[in-house]
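Visitor: Here is a sequence together with a model predicted from it:
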Amino acid sequence: MSELVAVTIDDRPVEVPKGTGLVEAAQAAGVEIPVFCYEPRLGPPVGACRMCLIEIEGMPKLQAGCTLTATDGMVIHTAATSAKAAEGQEATLEFILVNHPLDCPVCDKGGECPLQDLAFRYGPGNTRMTLPKLTVDKPIPVSPLIALDRERCILCYRCTRFSEDVAEDGQLIARNRGARTEIATFEDEAYRSPFSGNVIELCPVGALTSTLYRFAARPWDIQNVPTICTACPVGCNVSATIREGKVKRILSRNHPEIDRGWLCDKGRFSYPHLRAEDRITTPLRRGKKGLEEITWDDALDSAEEMLRNAGGAIVTALSGSETTEIAYALGRLLRGGHGAHSAVMPEATSTALEAFHLPLSAIGDAEIIVVVGDDPVVERAPIVDLWIKEARRHGAEIVVCSPAGDLATEPGGAAARCQELATPRDALGKKLRAAERAVLIWSGPGGGGGARLAELAHELGLEEKAGSGAFHLPATANALGAAAAWAASADADEANPEPIELLIVSGDEAAADPSVRALAEEAKRVIVLTMFHELAAGWADLILPSTAALERDGTTMNLEGRVQRLRRAVPPPCPDELAWIAKLAARFDVELASEAPGVFEELAGHLFRDLALDDLGLHAPLPARQTYETPAPSSSLPAASPAASLETEDGALRLQRFRALFSGPAVERVAQLDFQRPDAEVELATAEAERRGITSGDAVFVRSNGTSVELRARVNRKLIEGVARIADEHASDLHAVVEVVKA
Ligand code: SF4
Ligand code: SF4
Ligand code: FES
């Protein structure tokens, strides 16, 4: 137990652990020390704004409370009990407001602005400023997502500290000095970082505002609905701001174990896809003249007929972005006595990792972190990348085993790397065994959905160490929940129907997946559940409109294995999936609840260890670790990587694709996110570029099997030789082996 110190704040005695900051010590005593620049998540205090001035007995001058820690016997007075402190704070506010435009009525922050609130409570009641105020051009576009009003900036440096010390992108800077200091981007380039939107929430005034939210609402005509982001498997806790039935912005809802109040820009800014131009709200059926709108009754009749006529030869392709309840309800409906059936799951998952459960926040405290897998962590699970950065700042050793990592690993070679790490003589493996707080992360496809990583973690004895654990980063938000729910929906083993009479594609990710499209070519009939016309119009026989995560009730299971609750923020423009699935199921004598709580209750017994929906609360708990069970042999991949054995001719390179964070059907429908999408470039190792006379920025042709794509070259000195690395969306027509030549 840490040593306690006794302090008195505004005549209230309180004991706090030694080293506690005075702002927190005051909170413990029920007293407020007002702050602007102080934000412990950004690192040590900087004492920039002087809003926190307090009087400390024995010290002649007022002190910045946020920069001090409690020491035994300290006697502190805030503005509530010290006229000197009150005068100091009033003077601070008067100074801050000297050039402030006082345009609260048209400021997006108005009504929820710390400057407005503190000026009201601690500031002077009137102004002595009679000279013209300094004015500057505004708003400055920091990026297509963020506007900067420099007149409102109080130079608290929260935004630049976030950029420098949390996201570590170094793009926001304070330039010039003294009264001329201003916030800017490095070389006035757009602030392009996966985490840029966090500075809007951090800014304590209306200086940094969202271009998507500017002038869209006032705080008194909005509601905030607590829900979960489903744009990646992290499952950040968010609030959806609603005005007149529409989502106007997404804010963080700080779950300290998951996201610590940070969001990535995909989660924060992709909500406009709810109102995409090609959003479908009415069912469509292919007739003689192409797709025609039909009623829901007709749609259910058609779906019933297709299911009955399929003779049991049905395949379902599920998205990992479905809620657990939808995946389960679909499973019950489709596997309820229709005969042979098989499913295409979004990706492999493994329950073996349940023995290594750990909150994501524990990554920040790790001594050593080893990442295996082809994909950059930030593209799969951005917040995990922030936790890794924090661990590095705390002195942790980070080793990335990937084609562009610290330990060069062939594409697809992660499983083999895990086997090496498990051998007793491996130097890195030894460090992992010796560490009390070791974290393993699988970032990429393959590996049996984490099974291979679980075997390694078990071999290293990580289940015995409370601060150690292992994470598999799935490509989709609810891969774990969807797979588990589907498995729980029926017992029977399933055969692969041949030929496929009916393919059911559930969700936009499955609909956009080229392998699912290939399956659709084989299938006689295809039903697609999707939000967007463009995703299914060319190949579906029946399209059923689906809802977005912000329109759904239900649960998802994030990459930690934590079950979290989605709450419907806005009404969907079409019937909820669970409602019509229950209706259709009734036609086959399958009884199903038509709302998420009922389906959850049915699922809870076999999937959630009798958890009740109310147990999840606003900040869901992490389930306890389970006993380690060796993964089934089918989920353990062979050690040799298929990609490594790929024969390449002289001069040919193996194509290494990755799915960029800023990609997918939702991002593609938000114009403001275009600048965040991956550049049309191919990464090459230094030696490969030199061999071809290519330098960074050169136009190159990437060719394979008669296809040619023109891209920019980027030389990546960390990338291994023999590989050409391209984001999926620029590599869609390319095969596994490519040639790269200067254009
Ligand atoms: S823009 Fe906002 S966060 Fe950045 S320094 Fe100014 S007031 Fe602080
Ligand atoms: S990190 Fe993932 S869950 Fe969090 S905001 Fe971004 S996309 Fe959403
Ligand atoms: S809050 Fe203490 S100086 Fe800004």
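Guide: On my side now, so go ahead. This one's a predicted model, so the numbers in the text were calculated from it and none came from an experiment. Ligands and ions are numbered 1, 2, ... in the order given.
Visitor: How far off centre is the helix or strand of the chain with the lowest mean pLDDT?
Guide: Least confident helix or strand, the chain: strand 341-344 with a mean of 76, by mean pLDDT, DSSP states H and E. Centre-to-centre, strand 341-344 and its host chain are 29 Å apart (CA atoms, centre = their mean, to the nearest Å).
Visitor: Give me the packing partners of it, helices and strands only.
Guide: Strand 341-344 makes packing contacts with strand 314-318, helix 514-522 when contacts are defined by 3 or more CB pairs under 8 Å, 6 or more residues apart in numbering; DSSP states H and E. To be clear about C-beta, it is placed using only N, CA and C from the backbone, and glycine gets the same treatment.
Visitor: Can you check which strand is longest in the chain?
Guide: For the chain, the strand reaching the highest residue count under DSSP state E is reported as strand 707-715.
Visitor: Skip ahead from that strand and say which helix or strand is next.
Guide: Per DSSP states H and E, strand 707-715 leads on to strand 723-727 as the next helix or strand towards the C-terminus.
Visitor: other SSEs contacting that next one?
Guide: Other elements packing on strand 723-727 under the criterion 3+ CB pairs under 8 Å, 6+ apart are strand 653-658, strand 681-684.
Visitor: Tell me which helix or strand comes right after it.
Guide: Secondary structure here is assigned by DSSP H and E; on that basis, the next helix or strand after strand 723-727 toward the C-terminus is strand 737-742.
Visitor: With just CA atoms, put that next one into CSV.
Guide: Written as CSV, here are the backbone C-alpha positions of strand 737-742 (Å, rounded to 0.1, in the frame of the first residue of the first chain):
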residue,chain,number,x,y,z
VAL,A,737,3.5,-12.3,-58.0
VAL,A,738,4.2,-8.9,-59.6
GLU,A,739,6.8,-7.0,-61.6
VAL,A,740,7.6,-3.4,-60.8
VAL,A,741,9.2,-1.2,-63.5
LYS,A,742,9.8,2.5,-63.7
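Visitor: got the angle between that strand and strand 653-658?
Guide: Taking axes from the mean of the first three to the mean of the last three CA atoms, to 10 degrees, one finds that strand 737-742 is oriented at 100 degrees with respect to strand 653-658.
Visitor: residues in this protein within reach of ligand 3, list them.
Guide: 35-38, 47-52, 64, 66 (CB under 6 Å from any ligand atom).
Visitor: Now the buried members of those residues.
Guide: Buried by 16 or more other CB atoms under 10 Å: 35-38, 48-52, 64, 66, out of those.
Visitor: Was I right to think Glu629 contacts Leu353?
Guide: No - under the criterion of CB atoms under 8 Å, Glu629 is not in contact with Leu353, lying 10.6 Å apart.
Visitor: of those two, who's got more company?
Guide: The residue with more neighbours, out of Glu629 and Leu353, is Leu353; 29 against 13, by other CB atoms under 10 Å.
Visitor: three-state assignment of Val526?
Guide: strand (DSSP: H, G, I helix; E, B strand; the rest coil).
Visitor: Which stretches in the stretch 551-700 of the chain count as helices?
Guide: When assigned using DSSP state H, counting those that start in this stretch, the helices of the stretch 551-700 of the chain occupy the ranges 577-587, 596-607, 613-616, 686-691.
Visitor: Now render these as a markdown table, adding distance to His533, mean pLDDT and mean neighbour count.
Guide: Shown next, in a markdown table, are the helices of the stretch 551-700 of the chain (distance: least, CB to CB, whole Å; pLDDT from 0 to 100; neighbours: other CB atoms under 10 Å):
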| stretch | distance to His533 | mean pLDDT | mean neighbour count |
| --- | --- | --- | --- |
| helix 577-587 | 18 | 96 | 20 |
| helix 596-607 | 26 | 91 | 19 |
| helix 613-616 | 34 | 88 | 14 |
| helix 686-691 | 42 | 96 | 16 |
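Visitor: out of the ones you listed, nearest to ligand 2?
Guide: Taking CB to the nearest ligand atom as the criterion, ligand 2 comes closest to helix 613-616 out of the helices of the stretch 551-700 of the chain, the separation being 16.4 Å.
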